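> Here is my input; please provide its structure:
(one chain, ligands or ions: 1)
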Amino acid sequence: MCGIIGYIGDQPANEVIFDGLTRLEYRGYDSAGIAVLDGGRIVLAKDVGKLRHLREILVTNFPSRASPGIGHTRWATHGRPSSFNAHPHGDCRGTLMVAHNGIIENYMKLKRALTAAGHVFQSETDTEVLAHLIESHYQGDLEAAVLKALADVEGAYALVVLHRDHPDQLVCVRKESPLIVGLGRGEQFIASDVTAIMQHTRQVVYLENGEGAVVRRDGVTFFDLAGRHLAKTPTTLDWNPVAAEKGGFPHFMLKEIYEQPQVIRNTIGGRTSEEEGKIYLTELGLSGPDIFRTQRIVMVGCGTAFYAGCVGKYLIEQLVRVPVECDLASEFRYRQPLVDGNTLVVAISQSGETADTLAAVREARARGAKVLGIVNAKESSLTREVDGLVYIHAGPEIGVASTKAYIGMLTAQVLLALLLGKIRGVLDTAFVQQTIRDLKVLPQLIERLLADTSGIRALAEKFKDARNFLYLGRGINFPTAMEGALKLKEISYIHAEAYAAGEMKHGPIALIDKDLPVMAIAANQGAYDKLVSNLKEVQARSGTVIAVASERNEEIRHVTEYVIPIPDCPDILSPILSVIPLQLFAYYVADLRGLDVDQPRNLAKSVTVE
Ligand code: M6R
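This is a model prediction of the structure:
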């Protein structure tokens, strides 16, 4: 994930910034850069790959005592990893530099207008648009130019700007992507993550959405997007460095659950046009004829990635009207699968290094199928072995239990299904436009859900000593039940089994008694009535039911003992919302049982062996 740092003060900016970038390394990146102001000129160093490459430039050929300066580690979204695409990015005349996290959604439109006005671009990034836009509005007041530029911008950003004519200041602003200002004596810091600056100061101001700052050596002034001045109160950090990496959360897993709204924004960012009702997946690697030729789609993956593919089956069959099968990669690779040139195999993986998934991809390609990867880790092995890619842009996932990558996989599959459905003439523009709108609202619904998790924690307290759990769902909710059960068993070591609710009466109903709690995913309306009948069957046998259901569903309370309410959303998006309480439930149970949440026994984050 991208990282930002800015410094103004008497220390050599390049050292403070390089040290800060090193502390952000754990977040993952593919290139890095630093720009400083040295005697009225901006000096820039950037390179692809690890920070040690940048280090070599800094030690041989860089002003050693200059300040202010800004730096960035990039995790590519728009444009491949390269030194051209690395941040910071400048304007035409070399008067300013910008480092940016987030995605500028309307950058193509802005770039076209700026190019027509004579601006010349050096990179493929959305960020460079910001530099030229600020240049075009600059009339001597940097803060005013930044605000005018941002008035034209749609999307998410945390940005910091360095200007040749303003050696006494840095200007920074945030919307959606996090940014903080660190306060020192005669020196100030800007960072996307406290880890980058906490060795220098524990006094920080968290910028809220739509807030910015003019940062000077001797003080900071805060403003909003309308240019009004704001009074902000600093927070004193009492975190140790390890806690800081976790952003103040006790575990990476919890941090990653809370990052999920941002993952959705990252996954859809720059890939949708609500106006045109279009989806852009630039690395898809499938031509029009490839898409029309596809008679069958096979989803392959392992663990959570496999369950994501099972949700994909429902989405694609409904929106593209092509038959979809789901196969565990470890099974697919050995059963002489029936795939050919008319089959599209979709391989899903967070790490891109899972041995079984890689083997399945090789098997599919050897049989003539086209293979598309839905992957998180950039430049991983899988990305080099597929015909096309949809990156999920979830950033590094450190907790062994996959959470935010799953949300990214589901979101990417919605985009894929919309794109294929539109091209094959199944979906009309109005439907795609509406679904894009619904997708954009989803992060806010998740934020609402995450704002108060006390009810889920209380349930975890109640059920933490259960020996077994049954998870039930129907239709598109069945894979959610499987993923919820996997989360519980892998981190809390409670045996949890998932069943399609309609199948319960064919066997598992024999297990139901007062000691077998049942988690029911009752989020969407599809086969809701049928599910309610199944829950009544559980109740009649003294089973205890917890239902994940719409917050507006009053009726469900009559058939279940406990309800975890979630906001309403369209059926096809409901798996993205309804899995979140299940992740949290598993997390709290494991934590209350005193277990190692981030590194559960016997498990590895990336399974690179058979
Ligand atoms: O990196 P991948 O997505 O290919 O990993 C697949 C599984 O190993 C992974 O999802 C595993 O099941 C997780 N521990 C689930 O939380």
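
> Could you use CA atoms for every contact and neighbour count after this?
Noted.

> where does this protein have low pLDDT?
When residues are selected by pLDDT under 70, those of the chain lie in 1, 26-28, 238-244, 525-526, 608-610.

> Contact residues of it facing the ligand?
Counting by C-alpha under 6 Å from any ligand atom, the residues of the chain close to the ligand are 302-305, 349-352, 354, 400-402, 606-607.

> ChimeraX command for the buried members of these?
Only the buried members of the residues of the chain next to the ligand end up in this ChimeraX selection, burial being decided by 16 or more other C-alpha atoms under 10 Å:
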select :302,303,304,305,349,350,351,352,354,400,401,402
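
> export the residues of the chain next to the ligand to a markdown table and tack on secondary structure?
Supplementary listing: the residues of the chain next to the ligand in a markdown table, determined by DSSP: H, G, I helix; E, B strand; the rest coil:
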| residue | secondary structure |
| --- | --- |
| 302 | coil |
| 303 | helix |
| 304 | helix |
| 305 | helix |
| 349 | strand |
| 350 | coil |
| 351 | coil |
| 352 | coil |
| 354 | coil |
| 400 | coil |
| 401 | coil |
| 402 | coil |
| 606 | coil |
| 607 | coil |
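
> Report the two of the residues of the chain next to the ligand separated the most.
352 and 401 (15.7 Å; C-alpha to C-alpha).

> any idea how this protein splits into domains?
Annotated domains of the chain cover 3-245, 255-449, 452-592 [automatic domain parsing].

> got a markdown table for those domains, with distance to residue 602 too?
A markdown table is the format used below for the domains of the chain (distance: least, C-alpha to C-alpha, whole Å):
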| stretch | distance to residue 602 |
| --- | --- |
| domain 3-245 | 23 |
| domain 255-449 | 11 |
| domain 452-592 | 9 |
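
> Select, out of the ones you listed, the one closest to residue 601.
Nearest to residue 601 among the domains of the chain is domain 452-592 (8.1 Å), distances taken as C-alpha to C-alpha.

> how long is that closest one from one end to the other?
Taking C-alpha to C-alpha, to the nearest Å, the first and last residues of domain 452-592 lie 18 Å apart.

> ditto for stretch 507-520
Here the two ends of stretch 507-520 are set 17 Å apart, with distance taken as C-alpha to C-alpha.

> mind checking how far it is from the chain centre?
Computed by C-alpha atoms, centre = their mean, to the nearest Å, the chain-centroid distance of stretch 507-520 equals 35 Å.

> Return the set of buried residues in that stretch.
Along stretch 507-520, these residues count as buried under the neighbour rule (16+ other C-alpha under 10 Å): 512, 516, 517, 518, 519, 520.

> what's near enough to touch residue 18?
For residue 18, the contacting residues are 34, 55, 71, by C-alpha atoms under 8 Å, 6 or more residues apart in numbering.

> Tell me the span between the first and last residue of stretch 68-86.
For stretch 68-86, the first and last residues are 19 Å from each other (C-alpha to C-alpha).

> that older thread, among the contacts of residue 18, who's most crowded?
residue 71 (34 neighbours; other C-alpha atoms under 10 Å).

> Check the gap between the nearest residue to that one once chain neighbours are set aside and residue 216 for me.
Distance criterion C-alpha to C-alpha, 6 or more residues apart in numbering; nearest residue to residue 71, sequence neighbours excluded, is residue 34 at 4.2 Å. The gap separating residue 34 from residue 216 is 19 Å, by C-alpha to C-alpha.

> ok, now residue 504?
According to C-alpha to C-alpha, residue 504 stands 65 Å off from residue 216.

> repeat for residue 99
Separation of residue 99 from residue 216 (C-alpha to C-alpha): 18 Å.

> Could you check which of these two is surrounded by more residues?
Counting neighbours by other C-alpha under 10 Å for residue 99 and for residue 216 shows that residue 99 has the greater number, 33 against 22.

> I figured that one hits residue 88, correct?
Yes: using C-alpha atoms under 8 Å, residue 99 is in contact with residue 88, at 4.6 Å.

> So for the two, which residues contact both of them?
Taking C-alpha under 8 Å, 6+ apart as the contact definition, residue 99 and residue 88 share the neighbouring residues 70, 71, 72.

> Give the bridge partners for the last one, please.
Right, the one you point to is residue 72. Counting by DSSP bridges, residue 72 forms beta bridges with residue 4, residue 33.

> CA atoms of stretch 331-339 as PDB?
These are the backbone C-alpha positions of stretch 331-339, laid out as PDB (Å, rounded to 0.1, in the frame of the first residue of the first chain):
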ATOM      1  CA  GLU A 331      -8.900 -31.100  -6.800                       C
ATOM      2  CA  PHE A 332      -8.900 -29.400 -10.300                       C
ATOM      3  CA  ARG A 333      -5.200 -30.000 -10.900                       C
ATOM      4  CA  TYR A 334      -5.500 -33.800 -10.600                       C
ATOM      5  CA  ARG A 335      -8.800 -34.700 -12.100                       C
ATOM      6  CA  GLN A 336      -8.000 -34.200 -15.800                       C
ATOM      7  CA  PRO A 337     -10.400 -31.200 -15.900                       C
ATOM      8  CA  LEU A 338     -12.600 -30.800 -19.000                       C
ATOM      9  CA  VAL A 339     -11.600 -27.400 -20.100                       C
END
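
> Please list the outside residues in contact with it.
The set of residues external to stretch 331-339 that reach it, using C-alpha under 8 Å, 6+ apart, is 300, 356, 359, 360, 363, 364, 367, 368, 369.

> count of residues packed around the closest residue to the fifth one other than its chain neighbours?
If you skip the residues right next to it in sequence, residue 363 has residue 333 as its closest partner in space, 6.1 Å away by C-alpha to C-alpha, 6+ apart. With neighbours defined by other C-alpha under 10 Å, the count for residue 333 comes to 20.

> what's near enough to touch the closest residue to residue 490 other than its chain neighbours?
Leaving aside its chain neighbours, residue 490 sits nearest to residue 600 (6.8 Å; criterion: C-alpha to C-alpha, 6+ apart). Contacts were defined as C-alpha under 8 Å, 6+ apart; by that measure residue 600 touches 400, 490, 491.

> Mind jotting down where the helices sit in the stretch 501-610 of the chain?
In order along the chain, the stretch 501-610 of the chain carries the following helices (DSSP state H, counting those that start in this stretch): 528-539, 574-592.

> quick one: contacts for the spatially most central residue of the chain?
In the chain, the C-alpha nearest the mean C-alpha coordinate belongs to residue 263, at 2.0 Å (C-alpha atoms, centre = their mean). Residue 263 sits next to 392, 393, 394, 395, 404, 407, 408 when contact means C-alpha under 8 Å, 6+ apart.

> Kindly recompute the last result at 6 Å.
By C-alpha atoms under 6 Å, 6 or more residues apart in numbering, residue 263 lies in contact with residue 394.

> what's the answer for the one 4 residues further on, then?
The contact partners of residue 267, taken as C-alpha under 6 Å, 6+ apart, are 392, 393.

> run the last query once more with 8 Å
If you count contacts by C-alpha under 8 Å, 6+ apart, then residue 267 has 391, 392, 393, 394, 408, 411, 412 around it.

> how about the helix or strand that residue 436 is a member of: buried residues?
With secondary structure defined by DSSP states H and E, residue 436 is part of helix 429-451. Residues of helix 429-451 classed as buried: 429, 432-433, 435-436, 439-440, 442-443, 445-446, 449-450 (neighbour count, 16+ other C-alpha under 10 Å).

> which one of the residues you listed sits closest to residue 577?
For the buried residues of helix 429-451, the minimum distance to residue 577 (C-alpha to C-alpha) is 6.6 Å, reached by residue 446.

> Many thanks, have a good one.
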